[in-house]
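Asks: For reference, the sequence and a predicted model appear below.
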Amino acid sequence: MSFEVPYQLIQSVKKGDKQAFGRLIDCCSPYVYAVALKLIGDADDANDASQECFIKVWGKMNTYKSHYKFSTWLYKIIANTCLDKLRKRRRENQIFEQRDPDIHEPTQNNVEVEFEEKQFVDFVRTISGGLSPKQHAVFVLHDLEELSQEEISKILGMPKGRIKSNLYYARKSIRQILQTVDQEKNTSSYEL
Amino acid sequence: MNCKQLQKIENYHEGKLQTEELNFVKKHLESCDECRRYLDELKSQALLLSRIKNFKPTLINPVAFRNEVLDQIQSKRNRYLVVRASRFVNSIIFILTQPITRYSFITAAIVIFGVFIFQQTIIVRKIESLEKRMGSNIVAKESGRPGRKNVDAFFKGRMEVQSDSDEAFRELLGNYRSLQIRYTVLLKMLKEKYPATYQEILKELEEAELLPENINI
Ligand SMILES: [Zn+2]
């Protein structure tokens, strides 16, 4: 998902205008959070990663060159932040299955939204267990965010050939993961 | 997963089959449970993926999110300033406690004091030379080496000698604390009252390099 930020707003933020930065956050935070959730699969962690991302943006703003697409630059920061978190989680061996499964229990007032998000988060958790962080990131940016391979190459600092191979293996693994999930559970949690 | 037609089911699901094969697979599906289950699986996976793709996660409270980020930036900045300030104070304390800096501080203080005294002396000398040229119109200052007291006495003395018209000047001079300014004012006064001697004095002062830079003559 690509989005535009007004040139003037970026210039004001570059000059250190905090109010302008507030407006920039307002305009980008939905996209940043959405990508973070797709990459991490946990609402709280995604929120933390998004905040971290904007703090980095504020600190690095003067290194942003305007010939670079701002959304690409922002995706790069959020993707790196999330990949760091994913790698850290792998090191710490925090596998999703070990977490409390009732953490996203739907509340009464917005059952519909909560249910969808729970399903979504379950999906991300399941596939991220079987993919490498890079494969996961390529899958999210290409198949879910529908970014071009060129953009993904800039965001992840990866040549196009490796994007294609990562994508191939990611899709294959996801198919296998979903198959095993279906076979393991007679009543699949993904039954739609 | 034993049926040999499973690959064809995948192609069927992706819409890749042409008439003959298509009819064959359709027929096969009617008789093979395994392939039907597999097709159902593929369908539900595709549906899942499309739903996942269409799902747009939303920030529950974007305003709170923004304010938290701004707060964090502010507190980070504050922490940074505190750290910098304490580092600065620490380094000053460190420098001050070094023996070498103590000596250089004393030396610097002596030098600054010396320069100050020197400048004062020059100004007093300037005033003295003026005073000499103004001759009988000015009461000689008290005896002793030139200094602030003597200069003050000179001004007082001069004013006493002058006629009533100098009242304004006296007031004016009273407002000036800096000797440099007093000297400038004095020169201006001289220019008005004793133009002839003023030119002479100016020349003399210029030769002696005693002319103040900020005077508008
Ligand atoms: Zn079959």
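Replies: Sure, I can see it. Residues are numbered from 1 along each chain as shown, chains lettered A, B, ... in the order given.
Asks: Tell me how many other residues crowd the nearest residue to residue A:76 once chain neighbours are set aside.
Replies: Leaving aside its chain neighbours, residue A:76 sits nearest to residue A:155 (4.6 Å; criterion: Cβ to Cβ, 6 or more residues apart in numbering or on different chains). (C-beta placed from N, C-alpha, C; glycine too.) Applying other Cβ atoms under 10 Å in any protein chain shown, we find 25 other residues in the vicinity of residue A:155.
Asks: before we move on, which element is residue A:155 in?
Replies: Take DSSP states H and E as the rule and residue A:155 turns out to sit in helix A:149-156.
Asks: That helix packs against which elements?
Replies: Contact here means 3 or more Cβ pairs under 8 Å, 6 or more residues apart in numbering or on different chains; DSSP states H and E; on that basis helix A:149-156 packs against helix A:70-91, helix A:133-139, helix A:160-184.
Asks: Can you tell me which of those helices is nearest to residue B:104?
Replies: Across the helices and strands packed on helix A:149-156, the minimum distance to residue B:104, taken as Cβ to Cβ, is reached by helix A:70-91, at 48.4 Å.
Asks: going on from that closest one, what's the next piece of helix or strand?
Replies: helix A:111-130.
Asks: Run through chain A and note the low-pLDDT ranges.
Replies: Across chain A, residues meeting the criterion (pLDDT under 70) sit at A:1-2, A:93-115, A:182-192.
Asks: give the contact list for whichever residue of chain A sits closest to the ion.
Replies: Of all residues in chain A, residue A:179 sits closest to the ion, with a separation of 16.0 Å (Cβ to the ion). Residue A:179 sits next to B:41, B:45 when contact means Cβ atoms under 8 Å, 6 or more residues apart in numbering or on different chains.
Asks: worst-scoring helix or strand of chain B, pLDDT-wise?
Replies: Every helix and strand of chain B was ranked by mean pLDDT, DSSP states H and E. The lowest is helix B:148-161, at a mean of 45.
Asks: Write out the residues of chain B neighbouring the ion.
Replies: Applying the criterion Cβ under 5 Å from the ion, the portion of chain B that neighbours the ion consists of B:3, B:5, B:32, B:34-35.
Asks: what about 6 Å?
Replies: Taking Cβ under 6 Å from the ion, the part of chain B that reaches the ion is made up of B:3, B:5, B:28, B:32, B:34-35.
Asks: Give me the neighbour count for the closest residue to residue A:90 other than its chain neighbours.
Replies: Spatial nearest neighbour of residue A:90, chain neighbours left out: residue A:133 (7.3 Å); criterion: Cβ to Cβ, 6+ apart. If you count neighbours by other Cβ under 10 Å, residue A:133 ends up with 18.
Asks: what do you get for the one 4 residues further on?
Replies: Burial measure for residue A:137: 27 neighbouring residues, criterion other Cβ under 10 Å.
Asks: Any residue of stretch B:7-23 touching chain A?
Replies: No: contact between stretch B:7-23 and chain A is absent, the nearest approach being 9.6 Å (criterion: Cβ under 8 Å from any Cβ of the partner chain).
Asks: Can you measure across that stretch, start residue to end residue?
Replies: For stretch B:7-23, the separation between the terminal residues is 15 Å (Cα to Cα, to the nearest Å).
Asks: That stretch: which residues count as buried?
Replies: If you call a residue buried by 16 or more other Cβ atoms under 10 Å in any protein chain shown, then stretch B:7-23 has these buried ones: B:8-9, B:12-13, B:17.
Asks: In strands, which of those residues fall?
Replies: Among these, none falls in strands (DSSP state E).
Asks: among the residues you listed, which are in helices?
Replies: In helices, judged by DSSP state H, the following of the buried residues of stretch B:7-23 are found: B:8-9, B:12-13.
Asks: C-terminal to the helix or strand harbouring residue B:48, what's the next element?
Replies: Using DSSP H and E, residue B:48 falls within helix B:33-54. Once the chain leaves helix B:33-54, the next helix or strand it forms, by DSSP H and E, is helix B:62-97.
Asks: could you give me the average pLDDT of that following helix?
Replies: Over the span of helix B:62-97, the pLDDT mean works out to 88.
Asks: again, but for stretch B:36-47
Replies: Average pLDDT, stretch B:36-47: 85.
Asks: got it, and stretch B:107-121?
Replies: With pLDDT averaged residue by residue, stretch B:107-121 scores 85.
Asks: Can you give me the buried ones in that stretch?
Replies: By neighbour count with 16+ other Cβ under 10 Å, stretch B:107-121 contains the buried residues residue B:120.
Asks: send the alpha carbons of it over as PDB?
Replies: The C-alpha trace of stretch B:107-121 is given here as PDB (Å, rounded to 0.1, in the frame of the first residue of the first chain):
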ATOM      1  CA  THR B 107      47.700  34.100  35.200                       C
ATOM      2  CA  ALA B 108      44.700  34.900  33.000                       C
ATOM      3  CA  ALA B 109      43.100  37.000  35.800                       C
ATOM      4  CA  ILE B 110      46.400  38.900  36.300                       C
ATOM      5  CA  VAL B 111      46.600  39.500  32.500                       C
ATOM      6  CA  ILE B 112      43.000  40.800  32.300                       C
ATOM      7  CA  PHE B 113      43.500  43.000  35.300                       C
ATOM      8  CA  GLY B 114      46.700  44.300  33.800                       C
ATOM      9  CA  VAL B 115      45.000  45.100  30.500                       C
ATOM     10  CA  PHE B 116      42.200  46.900  32.300                       C
ATOM     11  CA  ILE B 117      44.700  49.000  34.400                       C
ATOM     12  CA  PHE B 118      46.600  49.800  31.200                       C
ATOM     13  CA  GLN B 119      43.500  51.000  29.300                       C
ATOM     14  CA  GLN B 120      42.400  53.100  32.200                       C
ATOM     15  CA  THR B 121      45.900  54.700  32.300                       C
END
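Asks: need the residues of chain A near chain B, please.
Replies: Taking Cβ under 8 Å from any Cβ as the criterion, the contact residues of chain A with chain B come out as A:18, A:21-22, A:25-26, A:29-30, A:33-34, A:37-38, A:46-47, A:50-51, A:54-55, A:58, A:113, A:116-117, A:119-120, A:123, A:143-144, A:175, A:178-179, A:182, A:188, A:190-192.
Asks: List only buried entries from those.
Replies: With neighbours counted by 16+ other Cβ under 10 Å, the residues of chain A next to chain B contain buried members at A:21-22, A:25, A:29-30, A:33-34, A:37-38, A:46-47, A:50-51, A:54-55, A:58, A:116-117, A:119-120, A:123, A:143-144, A:178, A:182, A:190.
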